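>>> no sequence on this one, just coordinates:
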């Protein structure tokens, strides 16, 4: 709250009133007058030659009036809130989105459609038995880069690119890609634990649904001051997208989609509650996160091809 104010308990010349509030900010004086009027506390505003004004109330109402004003200023000390636009300029996110989707398409041109005999799929697919029994956790990341056929790739590139564009505007390129990679890998790991040995999962769609979860988490954090159904709208939207896009098809891995969504939602809320907003505008932090993301993917594929 702007302006200077203080509470006084000195009586006026009449002896029947006492000054409860004084300030040189007339907007604050008027606001205090409204607060007292709302509580049906009779008062009088007296303006001075120096531009300040004081509010007087009956002596027997001083304690109540002072308590109401203190409560008002305490509850509104951070109002109005400072609006901070955390979005990154679209021009700074457009190229990374194009490069990420182009990398998936280029990688598909090398690996081709699903072939269990291919070194790419035998070493990099999300084979739950290899993960759980042989500790090949790199598959949680490498499986995101593989696709069963062209339609599988095209769907993930189109929807994934659309979502990634908006997500990176919120998070920044480096932090966004790293949090997406972590969420998608976590979703794949949960899916692995649920299925147990004997299941194979591939595709960027786990990351697509992790993005839906991350975006939903962002909306929940932004609307945390508004309780009730409104907070559930983003989550219901994510569940609706899961029902429409992630549960149809004979070879659709519903578990990977569902757990990707859940992992993105949980991790998004966790990171959103941390005091990390200033990192989003740090070029150093964004660059480090981007390099970590690229290094992680390359290292996982190096381990997959060497296994």
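Everything's here; your move. None of these values were measured; they are calculated from a predicted model. Numbers count the residues shown, from 1 in each chain.

>>> when you work out contacts or count neighbours from here on, use the C-alpha atoms and nothing else.
Will do.

>>> secondary structure element holding the most centrally placed residue in the chain?
With distances taken as CA atoms, centre = their mean, the residue of the chain nearest its centroid is residue 218 (2.6 Å). Here residue 218 sits within helix 205-222, counting by DSSP states H and E.

>>> for the closest residue to residue 208 other than its chain neighbours, what are its contacts?
Excluding the flanking residues, the one nearest residue 208 by CA to CA, 6 or more residues apart in numbering is residue 160, at 5.3 Å. Counting by CA atoms under 8 Å, 6 or more residues apart in numbering, residue 160 touches 101, 205, 207-208.

>>> where does pLDDT dip in the stretch 201-307 of the chain?
223-235, 237-238, 241-252, 276 (pLDDT under 70).

>>> what segments of it are strands?
Counting by DSSP state E, counting those that start in this stretch, the stretch 201-307 of the chain has no strands to list.

>>> quick one, helices of it?
205-222, 229-245, 254-273, 277-280, 283-306 (DSSP state H, counting those that start in this stretch).

>>> quick one: buried residues of the last one?
Just to be clear, that refers to helix 283-306. Neighbour-count burial for helix 283-306 flags 285-286, 289-290, 292-293, 296-297, 300-301, 303-304 (criterion: 16 or more other CA atoms under 10 Å).

>>> in a markdown table: those residues, plus distance to residue 96.
Below are those laid out as a markdown table (distance: CA to CA, whole Å):
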| residue | distance to residue 96 |
| --- | --- |
| 285 | 16 |
| 286 | 12 |
| 289 | 13 |
| 290 | 10 |
| 292 | 15 |
| 293 | 13 |
| 296 | 17 |
| 297 | 16 |
| 300 | 21 |
| 301 | 21 |
| 303 | 25 |
| 304 | 25 |
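
>>> return the closest of those with respect to residue 132.
Proximity of these to residue 132 (CA to CA) peaks at residue 304, which lies at 15.1 Å.

>>> ok, the closest one touching residue 140?
No. Counting by CA atoms under 8 Å, residue 140 is not a contact partner of residue 304; they are 10.7 Å apart.

>>> which residues do these two both contact?
Joint contacts of residue 304 and residue 140 (CA under 8 Å, 6+ apart) do not exist.

>>> re the thing from before, closest one to residue 183 out of the buried residues of helix 283-306, please.
residue 293 (12.2 Å).

>>> these two touch, right, that closest one and residue 181?
Yes. Using CA under 8 Å, residue 293 is in contact with residue 181, at 7.2 Å.

>>> helix/strand/coil for the residue lying closest to residue 122 once chain neighbours are set aside?
Leaving aside its chain neighbours, residue 122 sits nearest to residue 116 (5.7 Å; criterion: CA to CA, 6+ apart). Put simply, residue 116 is coil when judged by DSSP: H, G, I helix; E, B strand; the rest coil.

>>> try residue 51
Judged by three-state DSSP, the three-state class of residue 51 is coil.

>>> that one is in contact with residue 23, isn't it?
No. Contact between residue 51 and residue 23 fails when scored by CA under 8 Å: they sit 9.1 Å apart.

>>> neighbour count for those two, which is higher?
residue 23 (19 against 10; other CA atoms under 10 Å).

>>> which residues does residue 269 contact?
214, 217-218, 220-221.

>>> tabulate the residues you listed (TSV), appending distance to residue 65.
Putting the contacts of residue 269 into TSV (distance: CA to CA, whole Å) gives the following:
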residue	distance to residue 65
214	46
217	42
218	41
220	37
221	36
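
>>> among those residues, which one lies nearest to residue 262?
residue 214 (9.0 Å).

>>> my guess is that closest one meets residue 265, correct?
Yes. Residue 214 lies in contact with residue 265 (CA under 8 Å); the separation is 5.1 Å.

>>> tell me which of those two has more neighbours.
Just comparing residue 214 and residue 265: by other CA under 10 Å the higher neighbour count belongs to residue 214, 31 against 25.

>>> which parts of the helix or strand where residue 158 lies are buried?
Residue 158 is part of helix 150-171, with elements assigned from DSSP H and E. Using 16+ other CA under 10 Å as the test for burial, helix 150-171 gives 152-153, 156-157, 160-161, 163-171.

>>> after that helix, which helix or strand is next? Please name it.
Sequence-wise, the next helix or strand downstream of helix 150-171 (DSSP H and E) is helix 173-195.
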